[in-house]
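A.B. asks: next one to model:
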Amino acid sequence: MNLEKYRSQIPPKIYTVLETRGFKTLRPAQIKSIKAGLFEDKNLLVCTPTASGKTLVAELAALNAIFHDHGKAVYVVPLRALASEKNRTFKRDYPELKIALSSGDIDSSDSYLEKYDIIITTSEKFDSLIRHETPWLKEVKVVIIDEIHLLNDVGRGPTLEILITILKKVLPKMQMIALSATVGNAEELAEWLNAELIKDDWRPVRLDKGVYLDGEIEFFE
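C.D. replies: The predicted structure is shown next:
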């Protein structure tokens with residue numbers, strides 16, 4: 001859907017960034033998120049297929065936190081390797097912003113992060129930063145939780161659940177953007193997060209299911 005059509009619903013600075021990056025269209029999940037209050041600091045749970053545009057929703061929320069709310073954005077991922085990947089991608093796409101990666105020693109407050117706009121970290125590291133009462137925490141305006149379905153993971157789930165619970169207590173006015181392609185109980189999770197649920201089945205490549213046997217594939221209707 002044409003980006004120009006939604007110019008009036010997108011803050012001018014953010015619209016300029018999208019134009020600079022060459023965006024001419026928006027995907028269904030992105031439009032639904034804007035209409036649901038993405039730029040009005042509403043909590044969102046975005047449950048759409050892989051490659052459907054969830055990450056851009058998170059990036060738009062981060063830009064809004066920086067340009068409009070004059071604060072910081074924290075992007076939480078489950079793995080250090082994924083944190084490093086996001087760090088490289090964001091630095092490439094947003095050279096005008098100060099972006100930092102914090103996923104190392106969990107027993108520190110990393111006070112140097114006060115100088116950065118976007119902080120990319122793991123749930124374990126962010127939990128440690130909060131417990132160390134890191135001084136810049138009060139400046140956080142949006143927290144993005146990627147792969148939030150890992151709440152059900154026996155290893156990482158408890159830390160993530162505690163992290164979200166603490167965040168709701170210490171930053172009651174923050175915006176939370178949660179992303180997943182595989183949440184099974186989306187309505188229940190959205191209620192717990194006090195978030196608007198964004199669901200959509202659109203994907204950039206059609207997905208067909210079938211059974212392969214003896215060199216042939218029988219696709220389901």
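A.B. asks: can you map out the helices along this structure?
C.D. replies: Listed in chain order, the helices of the chain (DSSP state H) span 12-20, 28-35, 54-67, 80-93, 123-131, 157-170, 186-193.
A.B. asks: mean neighbour count, these: which tops it?
C.D. replies: Of all the helices of the chain, helix 54-67 has the most neighbours on average by mean count of other Cβ atoms under 10 Å, namely a mean of 23. No exception for glycine: its C-beta is placed from N, CA and C like everyone else's.
A.B. asks: which other residues reach that helix?
C.D. replies: Helix 54-67 is contacted from outside by 10-11, 13-14, 17, 27, 29-30, 33-34, 38-39, 41, 44, 46, 48, 71-73, 75, 90, 93-94, 97, 117-118, 140-142, 144, 146, 175, 177, 179, 181, 198, using Cβ atoms under 8 Å, 6 or more residues apart in numbering.
A.B. asks: could you tell me the angle between it and helix 12-20?
C.D. replies: Relative orientation of helix 54-67 and helix 12-20, computed by axes from the mean of the first three to the mean of the last three Cα atoms, to 10 degrees: 140 degrees.
A.B. asks: give me the mean pLDDT for helix 54-67.
C.D. replies: Taken as a whole, helix 54-67 has a mean pLDDT of 97.
A.B. asks: with just CA atoms, put it into CSV.
C.D. replies: Extracted in CSV, the C-alpha atoms of helix 54-67 (Å, rounded to 0.1, in the frame of the first residue of the first chain):
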residue,chain,number,x,y,z
LYS,A,54,7.3,-6.8,12.0
THR,A,55,10.8,-5.4,12.4
LEU,A,56,10.0,-2.2,10.7
VAL,A,57,7.1,-1.7,13.1
ALA,A,58,9.6,-2.0,15.9
GLU,A,59,12.0,0.4,14.2
LEU,A,60,9.2,3.0,13.7
ALA,A,61,8.4,2.8,17.4
ALA,A,62,12.1,3.3,18.2
LEU,A,63,12.3,6.3,15.9
ASN,A,64,9.2,7.8,17.5
ALA,A,65,10.7,7.3,21.0
ILE,A,66,13.8,9.1,19.9
PHE,A,67,12.4,11.9,17.7
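A.B. asks: angle of that helix against helix 28-35?
C.D. replies: Angle, helix 54-67 to helix 28-35, by the same axes, to 10 degrees: 30 degrees.
A.B. asks: got the angle for helix 54-67 vs helix 80-93?
C.D. replies: 60 degrees.
A.B. asks: chain center to helix 54-67: distance?
C.D. replies: 8 Å (Cα atoms, centre = their mean, to the nearest Å).
A.B. asks: from Tyr94, how far out is Thr20?
C.D. replies: Counting by Cβ to Cβ, to the nearest Å, the gap from Thr20 to Tyr94 is 10 Å.
A.B. asks: pass me the low-pLDDT residue ranges in the protein, would you?
C.D. replies: 105-109, 202, 204 (pLDDT under 70).
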